[in-house]
Structures are given as structure tokens and as C-alpha cells.
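Peer 1: any chance you can model this:
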Amino acid sequence: MSRRVRRKVAKKGKDDVVSLSYPENEVEDLGPERNGFVDWTSLPDDTVIQLFSCLNYRDRASLSSTCRTWRVLGVSQCLWSSLDLRAHKFDTAMATALASRCVNLQKLRFRGAESADAIIHLQAKKLHEISGDYCRKVTDATLSVIVARHEALESLQLGPDFCERITGDAIKSVAFCCPKLKKLRLSGIRDVFADAINALAKHCPNLIDIGFLDCLNVDEAALGNILSVRFLSVAGTSNMKWGVVSHLWHKLPKLIGLDVSRTDIGSTTVSRLLSSSQSLKVLCALNCPVLEEDTSVSTIKTKGKLLLAHFSYISRGLSSLFAETTKKGRNVFLDWRYSKNKDKNLNEIMTWLECILSYTLLRTAENNPQGLDDFWLKQGAALLLSLMQSSQEDVQERAATGLATFVVIDDENASIDCGRAEAVMRDGGIRLLLNLAKSWREGLQSEAAKAIANLSVNANVAKAVAEEGGINILVGLARSMNRLVAEEAAGGLWNLSVGEEHKAAIAEAGGVKALVDLIFKWSPGGDGVLERAAGALANLAADDKCSIEVAIAGGVHALVMLARNCQFEGVQEQAARALANLAAHGDSNSNNAAVGQEAGALEALVQLTRSPHEGVRQEAAGALWNLSFDDRNREAIAAAGGVEALVTLAQSCSNASPGLQERAAGALWGLSVSEANSIAIGQEGGVAPLIALARSDAEDVHETAAGALWNLAFNHSNALRIVEEGGVPALVHLCSSSVSKMARFMAALALAYMFDESRIDKFAPMGTSSESTSKSVSLDGPRRMALKHIEAFILTFSDPQAFAAAAASSAPAALAQVTERARIQEAGHLRCSGAEIGRFVSMLRNSSSILKACAAFALLQFTIPGGRHAVHHASLMQGAGAARVLRSAAAAATAPIEAKIFARIVLRNLEHHQVEPCI
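Peer 2: Here you go, the predicted structure:
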């Protein structure tokens, strides 16, 4: 996997490491300098307080302890009137430590049940607003204690995730304890019964904003008793009795805004509410299937009231709320924010609309119902971008999360809707998101980075992000001490690093070092950030220059540490993929050897081939395949149990993905270069699964399997095993039918090895050292079949006219024409041992004219100038005395013309490499 998209907000783990974060604001003139150092204590008090205000509460508390001056300034009431606890772990101990600073705390945001339990220890009795998310485990008892200790509470919001363990009993406690309550929004309550709602009506006379969102049951009649309510939302709530609603709610005397989005409300109820309510001004009914499918909906008379639905033009409808006729732009919320004529009632409506629209759009994006493509392209994307510019931080966060979510089609396969992504880009969304990512608020940084990451799956958007300076911004966020921010930034770099054009820019911005540091910083328990950091490094390591930087930055050690110690399959998979890519550059750098020499690396990768997760097995096998190109690694892998593990993997992957099959066969191919390993693979039962993989229809799979069988066939015992296991028909089929020239070539070489008369008898005993009996295998039929198809394979590369011209003349042009037709480009990457070259040279003396031609054809492929290992092969041929044998083959009267011409070409290749003097 090369990239990842994310739908949901990540959960905060329990083991978050907390250290100093960095503010986005930069201060150029920091006051007087003494001996080259800034005297921070000389800064004006208001400047220090301004700097403190840009830090999260933990960093603020840490800096306050550095000197007396800052200690005094650090407890200024203006710094502690609002507190966002979501960024870091917050428990009872931390609450107790902060209590002295929170005497005048008025606004609090928290995340999770542990933070909720610790709130009371802040002793912030003047608290007016509490907002919490990830409240699934918050209980009635916890909420009851919180409200009992904060009687001045005016606003309580828990969501948008479901409050599964909160019931109507806790709502009654809220009513009894918080008489000043003005706003109550709760998500996912199972049953909001009448007693709880009536308690609110009785004890909270100032309650004007109520939201029971995504609840299972809400007593509609009781809600009709809260006469103070001005804004009411039951979005996503099921089991509503709309007859009761239409009969009672229009009587609510102060009701201005009603949100019934994502419900099964029908046109009858909508019409009754709009026509009968004297106070209602806005009814929001987005994503209401029953209403949208009703053909009579167009006949509903709104009587000057605003109905917001998917079938209406929302921005145009919103502009009707303004007395000024000039408010007809697409970004109505922006027009309102900059309007000079401020109307209190309109401000209340627009503020409420921002909240309910951001919530509904986010929920709709998460559920991704069918049939909304047109809405998202024409209205939804623009609305989210507009809401992202809100002055309400929670609205901004939900809008950014909505942008990150609505583009996603398939989470697991990193698929996004290109049309939606480019709609965001066209509307200026990239610049807006990058500006949001530069905010000093960590919640906004996290959500903006997530949106950038998901959108960057689209290549055009990724280019725009890079051009707008997004790479530097994401690299900066990746250094954040807030794990959620760092995680989303690493995700953005992961997706951007897919593009070859972005790899160098990420490295130049310091991204490689930042990603490696993330692994060391969050190694205990930070699965999400570790997976994304390793995934980004894997993409970067595919580039030769970047792979060197990864190694220099300590990436080999970091990735091996993940492969050895992390138990999360996503991290294991990306760490193995990164190690595979680091080892894939051959002789161009030393990373292959470096990975093999890292303590525990090979053992960890061998162990990962036994993982229950296919992706982990695939990447581990791929890493071992690449590492096996190094001679020392090849033997070390075998010593670490790699032969047994990979044979087992090959035996078990008959129904696996082609990717896993290819890598399993490829790793065995790489190991089988060593004769000792080749023998061990045969003895471990590796022949049969490789033959099965050679029968695969997938080109990459049967090509690598053919390569492995070619190496195995070099050994006499393995050759006999291939015959007995039915390998000859499989190789013959590849030799004649594969669309891959390389697969056909290696299948032909395997067959040539197997039926070279100098190495195999007509009737041969078959058995392993562990077998007490042996059996005879008749080779006449298989040999005839093999030679027939080897000959047919060779003839596909011969042109009678070109061969005739080459035979009549030794002119270089004639031989070059034959060479060009015969050349298999990929064969130039194969590296043969001295024994293998000697085997082909010896085969030139074989009595079979077909095997002579095959041997000459193989040596031609291995020595063509420009081949990666051509000089190496030419040197080996000199040591094997090949020139004399080649001359003899080229001059033999009984040799086939193919063998003669190929031999003459090989002689010319040797001359080119200056191994043999001119002949």
C-alpha cells in the first residue's frame, strides 16, 4: 500500500507523550541581546502573555515554571479563562496541578472519559461552557457529578460521537443542577424520556438552544413543553412521531430555527410547521429521503420562511435572511461575518446555522449515502469551505473533517472521488486548509492536515498542495509534540510522497529527518503516527537519493525497531515495505547491506512472513527478496530460518493475492542463487509450491516462479524433483505460452538444465536424504517434450533472412540486426555465478543441437553490451575458457545455424568488453 485516507477522527491513546509544542506565530525582534543571546525576561508583559496565549495548557504551565517573571505572568486570568484539554492526556493529577490557575475558568473542552472524570478536580466553579467529544464511555454518574459541581453552567455539548452510556437520568441531573443553562446538545442518547425533558422545561427557564442529535428515542410531546426554546435540532434522531411534532411544535412561541436533517420527516409535517408556526424562520431538512422523494414537495408554501434541503439552493436561501439585497454571493456566511449592519437576531440564526450545517454535512459525509454527487459538487464542497472560515473553532474543525471525509470512496484502498477533490481545489480550498493548518490551535492543525492528506491522494490536488507551500507546512506539523497533529501531518507526507516529483521536495524540507524522529518519539503505543511515518518513509525510500537520506537520518534502525517490536499490523506492513524499498537499489548505494547488518533485521522479517495478515507477509517477503541480492544477506537469511519460512509461505499462498505469490516466489528465487540454499529449498519441499505458482495466470507470479525453478534446476536432485512433481509440463507451458519473454526465457533455461545429458541420466533414482526408498523416473518423454519447446522458443527469435545474411558475412551490421531481434531487455539485469556461466559454456559441447543453441542464446543475453552485469559475465567466461569453445561452436559443421550465429555474436560481445583480443 502506498497511501492512506482516513474518514474518522482518530481516538486519543492512553500513552500520549507530552512535551513542548511550537506556536505558529513568529517574533522577529525579541528584545535586547546580551552577548548574542536574547534576554527573554526583558520582553514586555503583554508580549509574553500574547506568546503564552498561543500555547496549549501544558506548554504554558511548563514555561511558567522557568523563571519568577514568567511564573507571575503565566497565571494571568486572561490565559486561563478558556482551556482545551483535548490535545494531551488529562487526568486527576494534571487537574489538581492546574486547579490554582483555573479559579476563573469559564470555557472548557475535553476528550474522553478519563478527562471527564478529572474535570471536577479543576475546581472551576465559575465554568460557563463545557464541550466534550469521544464521550462513549462517559457515564451518568460522571456527568451528574460534573454538573453538580458547576451550577453556573450555561452551555453543555457532548458529541458528535455517541454518548452511549448517558441516559435521561443524567439529563434530569443537568436540569436540577444548572438553572442558568442556555444551550444543551447531546449526541447518541438512547432514550430521552419525558421526565428528563420536562425537568429541563421546569428548571431551566433560559434554555434556548436544544439539540438531541442521532438519538434513538426522543419524547416529542415533552419537547413541546419547553417554551423558552429558540433553536431545536433532532437531526439524525429515529423513531420520531411526526404527527405529534406537527400538532405541537408549531405552538412553541419562540422557536426560530428547527433542524430535522437526516430524519424520515415528510412533506406534510414540513408544510404544517412552516404554515402554522408564527415564530419559525428557518427549517433545515438536509438529507431527508422521504421528503426529497415526495413529488409534492415543490408545492410547499414557505410563506417567507426558509426551507433548507438538498433540492434547494442553500446559499441563495440563506441570502434571503438578509434585509440587504446585495447579499447574493456564493459565500453567504463570509458576507455575514463582514457585514457592517449587525442584527442580533440574525447573528443568532447564522451562528446556529453554522453549527447545525457543519454537523449535518459531517455526518452525511461519514455515511456517504448514494445520490449526493451533484449536491457535493454544486453546493456541499463550497458550504464546507465557507464554514471552515467560521469564527467558531468547533465549526471550523467539523468543516475540515467533513472535507477530509466527503472525498473518500474507499478507506482501505485509498480511493477518493477525484471530482469532489478537484471541486475543493477549484474553490480555493487548498489555500484555506493550509492557512488553517498554520493556526496555533492544535485541533485545527490536526483536522486541516487530515483534509490535506486525503485530498492529496488526487495527483492534481497534491501538485497544488506542493505549489502552495504545503510540504513545508506538513513537515513543520510533523514535528509537533501533539500526536494527533503529527499523525495527520505524517499522513499528508505519506500521500504526497507517492508522486515522484514531490519526494525531493519533502527531503529538502527536512521531511525525512522529521519522519524518522516521529518513530523514535512515538514508538510506545503510537500506532497511527508510526504507520503513517513508516508509510511515508517507504515511499521516499523508493527514490535512490532519498533512500540514502533515510539511512543517514537513522531510518534503518528506526524501521527495524518497528519490524521487531511493534505488534500493529499496519505498522509492520509499512516498516517491512520501507525496508524492502531501502534494499531495492542494488549497487547504487549501501543500504541493502546496511539493512542486513542491522541487529535483528533479518530475523524480524523472517518472523513477519508468518504473520496472520497477508499485507505484512507480502511486504516481509518482498524485503527478503530484495535483501537476498546481497551475498552476505542471502546466507544470513537462510541462517535465520528464512528457507523454511519462505517455503511454508509459498505452500500456503495458493489462494493469496498475486502480490504475495510473486514475492514469496521471488524471495525463494533470490535465496536459491546459493547452491546450499537451493538444496535446502528442495529438501524443505519448495519445488511443488513453486511449480504451482508457475501455473499462475499472473505474469509477475509465474515469471518469478520460473526464475526460482531455473536456479533450483541447476542442482541434480532438484531437477529430478521438478520432474517428479510435474514441473516439466508447467515449464513447457510457460516456455511456449507466457506473454512474458523473461518467463519463457527462464523456463527454457530451467528445462535445459534439467535435460543436459552431462548432468542427468536416462533413468534416475529419485529421493531425498530423508527418504529410505527411491523410485525410478522415466525421462524420455519429458526430455523430448522439453527439447521440442526449447527449440520452438529459440526459433521465435530467429529471422531466416537475417541469419542467412549473418552467416554469409561477418559484417557488424548483420550481427547487430540478429542481436537486436534476439535481445530480451530484462535479461540484462540477471547476474549469473561462475558455475552457471561454466554450465552454459559446457552445454555448448552437448550432443543436442537444441541445447547448444539454447546455451549460445543464453550467453548472448548475458553479455550484450549495456547489460547491468555484462562485464561481470564476460570476465567469468574468460576464466571458463569460453572463447575457444565459442569458436568451435561457431565453426562446427553439424551445429544449427542459430547456435553458430549466436556463438559469433557472443565472441563479438567479449571483444567489446575487452576480455578476449580481436579474433
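
Peer 1: give the contact list for Gly642.
Peer 2: By C-beta atoms under 8 Å, 6 or more residues apart in numbering, Gly642 lies in contact with 602, 606, 624, 667, 671. Yep, even glycine has a C-beta here, placed from its N, CA and C like the rest.

Peer 1: residues near the last one, how many?
Peer 2: For Leu671, the neighbour count with other C-beta atoms under 10 Å is 29.

Peer 1: per the record, what domains does this protein have?
Peer 2: Domain ranges of the chain: 52-111, 665-760+779-792, 797-918, per the TED database.

Peer 1: what about those domains, which gets the closest to Lys305?
Peer 2: Each of those was scored for nearness to Lys305 using C-beta to C-beta, and the closest is domain 52-111 (33.2 Å).

Peer 1: quick one: end-to-end distance for the closest one.
Peer 2: 22 Å (C-alpha to C-alpha, to the nearest Å).

Peer 1: which stretches in the stretch 351-500 of the chain count as helices?
Peer 2: Using DSSP state H, counting those that start in this stretch, the helices of the stretch 351-500 of the chain run over 373-375, 381-387, 393-406, 418-426, 429-437, 442-455, 459-467, 470-478, 483-496, 500-508.

Peer 1: ranking these by burial, who's on top?
Peer 2: Stretch with highest mean neighbour count among the helices of the stretch 351-500 of the chain: helix 483-496 (a mean of 30; mean count of other C-beta atoms under 10 Å).

Peer 1: can you list the helices and strands that that helix packs against?
Peer 2: Applying 3 or more C-beta pairs under 8 Å, 6 or more residues apart in numbering; DSSP states H and E, one finds that helix 483-496 makes contact with helix 442-455, helix 459-467, helix 470-478, helix 500-508, helix 511-521, helix 527-541.

Peer 1: which residues in the stretch 551-700 of the chain form helices?
Peer 2: Along the stretch 551-700 of the chain, the segments classed as helices by DSSP H, counting those that start in this stretch run 555-565, 569-582, 591-597, 601-608, 614-627, 631-639, 642-652, 658-671, 675-683, 687-694, 699-713.

Peer 1: make JSON lines out of those helices and add mean pLDDT.
Peer 2: Formatted as JSON lines, the helices of the stretch 551-700 of the chain follow (pLDDT from 0 to 100):
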{"stretch": "helix 555-565", "mean pLDDT": "96"}
{"stretch": "helix 569-582", "mean pLDDT": "96"}
{"stretch": "helix 591-597", "mean pLDDT": "94"}
{"stretch": "helix 601-608", "mean pLDDT": "97"}
{"stretch": "helix 614-627", "mean pLDDT": "97"}
{"stretch": "helix 631-639", "mean pLDDT": "95"}
{"stretch": "helix 642-652", "mean pLDDT": "97"}
{"stretch": "helix 658-671", "mean pLDDT": "97"}
{"stretch": "helix 675-683", "mean pLDDT": "96"}
{"stretch": "helix 687-694", "mean pLDDT": "97"}
{"stretch": "helix 699-713", "mean pLDDT": "97"}
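
Peer 1: of all those, which lies closest to Pro205?
Peer 2: So among these, helix 569-582 is nearest, using C-beta to C-beta, at 51.9 Å.

Peer 1: so what touches the closest one?
Peer 2: Applying C-beta under 8 Å, 6+ apart, the contact partners of helix 569-582 are 1, 527, 530-531, 534-535, 537-539, 541-542, 547, 550-551, 555-556, 559-560, 562-563, 566, 591-592, 594-595, 601, 605, 608, 611, 613, 615-616, 618-620, 622-623, 625-627.

Peer 1: so how do I select the buried members of these in ChimeraX?
Peer 2: The ChimeraX command for the buried members of the contacts of helix 569-582 (criterion: 16 or more other C-beta atoms under 10 Å) is given here:
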select :1,527,530,531,534,535,537,538,539,541,542,547,550,551,555,556,559,560,562,563,566,591,592,594,595,601,605,608,611,615,616,618,619,620,622,623,625,626,627
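
Peer 1: one step back: who wins for proximity to Asn413 among the helices of the stretch 551-700 of the chain?
Peer 2: Distance to Asn413, taken as C-beta to C-beta, is lowest for helix 614-627 among the helices of the stretch 551-700 of the chain, at 11.9 Å.
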